[in-house]
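>>> After the sequence you'll find the predicted model.
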Amino acid sequence: MRLRRKLHGLILEPLAGASARDYFVLFHIEPEFQIDMAALERAYHTLLSQFHPDRFAGKPQVEQRVAAQLCADINSGFRVLSSEVLRAEYLLKRAGVDLAQAEKEGVGAAFLMTQIALRERLESADSAHPSERDALSVEIRDRYNASRDAFASAAEDERFKEAACYWQEMCYLSKLRDATRVRAA
Amino acid sequence: MAGDVLFVQAAGRDTRPGSLTMVLLQISEPGEPTASHHSRQIALGIDLGTTNSLVAHFDGTETQVLKDDAGRAALPSVVYFGSDDTKIGYAAEPFSVTEPANTVASAKRLLGRAREEFADDPYLTLTQGGALAFSTAAGDKTPVEVSSTILSALKCRAEQHLSGNIAGAVITVPAYFDDAQRQATRQAAELSGIRVLRLLNEPTAAAVAYGLDADAEEASILAVYDLGGGTFDISILRMREGLFEVLATGGDSALGGDDFDRAITDFWLAELGLTQPSAIQRRVLLGLARSAKETLSAQQEVTMDCRALDIDCAELSLSREVLEGLVGSLIDRTLQACDVALLDAEVDSVDRVVLVGGATRMPRVRAAVTECFGREPLCRLDPDQVVAMGAARQADVLVGNRGEGEALLLDVIPLSLGLETYGGLVEKIIERNSTIPVARAQEFTTARDGQTGLVVHVLQGERERVEDCRSLARFELTGIPPMVAGAARIEVTFRVDADGILEVTAVEQLTGARSEVIVKPAFGLDETQITEMLKASYEFAAEDMTARQLAEARVEGEALLAGLQSAMSQDGDLLVVDEAQHLKEGMQALEGILAADDPQAIREMTEQVGRVSEDFAARRMDRSIQSALKGVSLTSLDADQTEERSDS
């Protein structure tokens, strides 16, 4: 139930606050799932270094305001593009995929069963042997990577309906993956 | 209508790709920014601390912490409000024993807080306006007023040291300060006549003090361990190519060196068998505990003269070993927060550790930090002064004394921001550790048929339930046309500026009904109160006030005119039909009104012309984005090609 709510939240998030700036254009990178992270970071830092409101100290307030809005876009854009799950979602939205509809259709029953089983194992993992916990973390990570790679190739071939399904798997599995990290600490 | 607090999230918003079509913007030569050559502006860095406050100034080559006539850098954050006079700092300290009710210490702990949180403090009361206050012989004093008195003293000290007008100050706050506490700090500065250039997180300031001196290394990770008198902060930063990025912050807003003093005091009380100490005895013991703790950083044993307690005992002793036993669990709490911050920052190790706060002088603290991070901490700069020094460096940048290419600070918000949804749950809109400035929007809808209004309840915190989070503001959106439940589309936008201050807007998409709020501290002072107090203040005779406001309004108006003139000559081709005409008319009107002596009219006209030129400014910035990335993309392309070549 909780997961559902959060997942819903992801879908609802509009593009870039009030403005609809294309993040790939903003950062000057190709609109693909596989991106050069170093190039993205370089572009992010270059843009912020130039357009942060601090760079407009002493300039008219209108410029400071516009710079603050632009920076908010730059920060949102970097957040979206630097996260695999959010980047996947953004590519789908960009391709015009109806994510609400995709979510209604859901993921396959088999995946759902596996996911529930994984979560149960994770919840009982606290009392389990450390080696068992590590094995579970590895399994979750591998499954996530598999869904991600499947998304990447579906998106590349523009099989977006299929990609939307893999994207939902990525959402579920990334949450499980984060949960294993929190438990490890 | 207003009773309909409930609202639930709307179904997915249709985001067609139409608005996302790739646009090939014109690429122009990088515009040469017309650097305005002005004389050096005086900017201050102020560390408004719980126990001590400092003021520092960067003079272009080095940072100086400004001292008082006796050569002391620290100003104890203590104010004595007697019936006839006010004393600040060292002069006020003796009164904490003789007149505890009129002597306010550690007011920072109460900034932006609610009465309920301090219900058992006998010296606290509520003002008529409902603000938390200390009742003193000079009347009720809110924490904001106490802080402003301290800030005035620091400003006065700076004016004695430096010639010229003080353009503004960077004031530091604990990273863990919430929105209300930040607003309260801002108000305190306003009240003392200081223009706030920026509220800067204390740990970030410390990193700046160290980092700007350091060579530009390839991406180094820095941890700032800040154990002050009243708060503990841990921040993880990344420094690279002149960019300071705060990756994560954490800590405990109610843990600090004062707790160490209290632990020692409780230990002694038990040892002496004093079950019901008087307020004076407690204060004497706290003072002794503090100096014993400080002495034990240099030696193994200490004996204190305790005749001031007026009991059958002349001496109290303490060993370092016992002290370390007393504070061990407090130190462990700080280490737990460090682990969480490292996890949040997604880093495995840090390259450097900076110590801030007097309590980090304790050998036990240093050992624990060394063990936790696996390296010796840096302590080249005085841990009590490093924050003020960093603030002074940043103030110098913000006031415009240094041009582009200077280090840039990217800060984050310390706590998540969200709003109340159906069932008393908090929906987070902006997650903690998001880089600011940031804006994020989410859509909501109505829960009942025919619902025409709803209450937007803004909260801060990490927990899921409303009662476990801090309530920041509540406002109503009205005028929603009656529809079936779930049909309305209400977009709520959160905007956090570079100071970490929040603005929330709610807009009903069909009718455009709109409501907004800038979050103000619920327990501070409102605008009119501040204006009243400013007027009443002996420092600002009414004439001075008007003169100051007029000067400030003219500066802003002139800056806009100059900016627009150069923008129109540089990027005139970006103006659309009629726009140039509108702007020219506005500029003429503004120019005319600048000559008049009406600050209000100048501000309004500046604002109006500013709005008219906003789209133009946005287009100009879009153009410079393209030129900004031109070089970068080429470099990245070159790198890719080199890689390919070496692969084949």
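Received, thanks. Numbers count the residues shown, from 1 in each chain, chains lettered A, B, ... in the order given.
>>> Wasn't B:G479 part of a strand?
No - B:G479 is assigned coil when assessed by DSSP: H, G, I helix; E, B strand; the rest coil, not a strand.
>>> The residue lying closest to it once chain neighbours are set aside: how many residues sit nearby?
Using C-beta to C-beta, 6 or more residues apart in numbering or on different chains and skipping the chain neighbours, the partner closest in space to B:G479 is B:A513 (3.8 Å). Placement of C-beta: from N, CA and C, glycine included. B:A513: 18 surrounding residues under other C-beta atoms under 10 Å in any protein chain shown.
>>> Angles on the backbone of B:A513, please.
phi -60, psi 130 (degrees, to the nearest 10).
>>> Now do it, the pLDDT please.
What the model reports as pLDDT for B:A513 is 75.
>>> Which strands or helices does the helix or strand hosting B:F134 pack on?
When elements are assigned from DSSP states H and E, B:F134 belongs to strand B:132-136. Judged by 3 or more C-beta pairs under 8 Å, 6 or more residues apart in numbering or on different chains; DSSP states H and E, strand B:132-136 is in contact with strand B:124-126, strand B:139-141, helix B:143-161.
>>> Name every strand pairing with that strand and say which way it goes.
Sheet pairing of strand B:132-136 (DSSP bridges) gives strand B:124-126 (antiparallel), strand B:139-141 (antiparallel).
>>> where among the ones you listed is the average confidence lowest?
The weakest mean pLDDT among those belongs to strand B:124-126, with a mean of 68.
>>> pretty sure A:D142 is in a helix, no?
Yes - assignment of A:D142 by three-state DSSP places it within a helix.
>>> what number of residues lie near it?
By the measure other C-beta under 10 Å, the count of residues near A:D142 is 11.
>>> So B:P383: helix, strand or coil?
Following three-state DSSP, B:P383 is assigned to coil.
>>> thinking again about what came up before, would you mind finding the most buried of the helices and strands packed on strand B:132-136?
When you average the neighbours per residue for each of the helices and strands packed on strand B:132-136 (mean count of other C-beta atoms under 10 Å in any protein chain shown), helix B:143-161 leads with a mean of 22.
>>> Specify the angle between it and strand B:132-136 in degrees.
Interaxial angle, helix B:143-161 versus strand B:132-136 (axes from the mean of the first three to the mean of the last three C-alpha atoms, to 10 degrees): 70 degrees.
>>> can you dump the C-alpha coordinates of helix B:143-161 into PDB?
Provided in PDB are the C-alpha atoms of helix B:143-161 (Å, rounded to 0.1, in the frame of the first residue of the first chain):
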ATOM      1  CA  PRO B 143      14.700  35.500  21.300                       C
ATOM      2  CA  VAL B 144      14.700  37.500  18.100                       C
ATOM      3  CA  GLU B 145      15.300  40.700  20.000                       C
ATOM      4  CA  VAL B 146      18.000  39.200  22.200                       C
ATOM      5  CA  SER B 147      19.800  37.900  19.000                       C
ATOM      6  CA  SER B 148      19.400  41.300  17.400                       C
ATOM      7  CA  THR B 149      21.000  43.000  20.400                       C
ATOM      8  CA  ILE B 150      24.000  40.700  20.000                       C
ATOM      9  CA  LEU B 151      24.200  41.400  16.300                       C
ATOM     10  CA  SER B 152      24.000  45.100  16.900                       C
ATOM     11  CA  ALA B 153      27.000  44.800  19.300                       C
ATOM     12  CA  LEU B 154      29.000  42.900  16.600                       C
ATOM     13  CA  LYS B 155      28.000  45.400  13.900                       C
ATOM     14  CA  CYS B 156      29.200  48.200  16.200                       C
ATOM     15  CA  ARG B 157      32.500  46.400  16.700                       C
ATOM     16  CA  ALA B 158      32.900  46.100  13.000                       C
ATOM     17  CA  GLU B 159      32.200  49.800  12.500                       C
ATOM     18  CA  GLN B 160      34.900  50.700  15.000                       C
ATOM     19  CA  HIS B 161      37.500  48.500  13.100                       C
END
